[in-house]
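**Q** next come a sequence and a model predicted from it.
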Amino acid sequence: MADARMVVRSAVRESLKGKYNVSEEFLEALDTEVSALVKRAARRAEDNGRRTLKARDT
């Protein structure tokens, strides 16, 4: 999973609708942040005896 992309690049670009350019460096940093968020949420859910990640785990 370490090499899996967490963020859909085209969706990020589309969300900005041509108003901004998006560098590959930004997308990589965003992927890193999302991956860390998911890992923290999974750890919190596990610590609470759950296998389902919920909004409160973020």
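**A** Good, I have the coordinates. Numbering: from 1, shown residues only.

**Q** list the contacts for the residue nearest the centre of the chain?
**A** Nearest to the mean C-alpha position of the chain, counting by Cα atoms, centre = their mean, stands residue 34 at 2.3 Å. Contact partners of residue 34, counting by Cβ atoms under 8 Å, 6 or more residues apart in numbering, are 6-7. Any C-beta I mention is one placed from the backbone N, CA and C, and that applies to glycine too.

**Q** can you tell me what sits against the worst-scoring helix or strand of the chain on mean pLDDT?
**A** Lowest on mean pLDDT, DSSP states H and E among the helices and strands of the chain sits helix 9-16, with a mean of 94. Contacts with helix 9-16, where a contact means Cβ under 8 Å, 6+ apart, come from 22, 27, 30.

**Q** helices of this protein, start to end?
**A** For the chain, helices defined by DSSP state H occupy the ranges 9-16, 24-47.

**Q** including distance to residue 57, could those helices go into CSV?
**A** Rendered in CSV, the data for those read as follows (distance: least, Cβ to Cβ, whole Å):
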stretch, distance to residue 57
helix 9-16, 23
helix 24-47, 4
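
**Q** just those helices: most buried one?
**A** Between these, the one whose residues have the most neighbours on average, counting mean count of other Cβ atoms under 10 Å, is helix 24-47 (a mean of 13).
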